[in-house]
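In: for reference, the sequence and a predicted model appear below.
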Amino acid sequence: MYNSSGGGIYTCPIAPNAHYFNTYFGKNLYVGDNNCINIYEAKNIDEIFAFLKKPIPFCNHCNIDGYTYGLKWNVSKRDIKEWT
């Protein structure tokens with residue numbers, strides 16, 4: 001998996017940080033190299049923009065319909081329900 005210091009750009013912050021979720025909750029959500037694009041290996045800026053315009057495979061783990069907004073800011077209870 002690329003990281004930002006290695007030239008990888010992700011379309012969202014969740015995928016490159018999934019290892020924290022996996023470690024804490026004992027899960028194994030896979031984040032492959034096809035979830036980011038390496039800016040140093042891209043042919044040109046158009047290839048980067050094309051990548052950023054579409055969902056990545058890791059998006060299959062997100063429950064977009066279940067998102068809620070306008071929640072009161074609070075300290076995490078470290079419950080998996082805060083993530084899913």
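Out: Good, I have the coordinates. If you're wondering where the values come from, they're calculated on a predicted model, not measured in any experiment.
In: quick one: pLDDT of the residue lying closest to E82 once chain neighbours are set aside?
Out: Computed as Cβ to Cβ, 6 or more residues apart in numbering, the closest residue to E82 that is not its neighbour in sequence is S76, at 6.0 Å. Every residue, glycine included, has its C-beta placed from N, CA and C. At S76, the model reports a pLDDT of 90.
In: quick check: which element contains S76?
Out: Following DSSP states H and E, there is no helix or strand that holds S76.
In: so it makes contact with W83?
Out: No. With contact defined as Cβ atoms under 8 Å, S76 does not reach W83; the gap is 9.6 Å.
In: between the two, who's got more neighbours?
Out: Neighbour count, other Cβ atoms under 10 Å: between S76 and W83, W83 has more, with 16 against 7.
In: does A50 count as helix, strand or coil?
Out: At A50 the chain is in helix, as set by DSSP: H, G, I helix; E, B strand; the rest coil.
In: what segments of the chain are strands?
Out: 8-9, 37-38 (DSSP state E).
In: neighbouring contacts of the first one?
Out: Just to be clear, that refers to strand 8-9. When contacts are defined by Cβ atoms under 8 Å, 6 or more residues apart in numbering, strand 8-9 is touched by residues M1, Y2, P16, C36, I37, N38, I39, I48, F51, L52.
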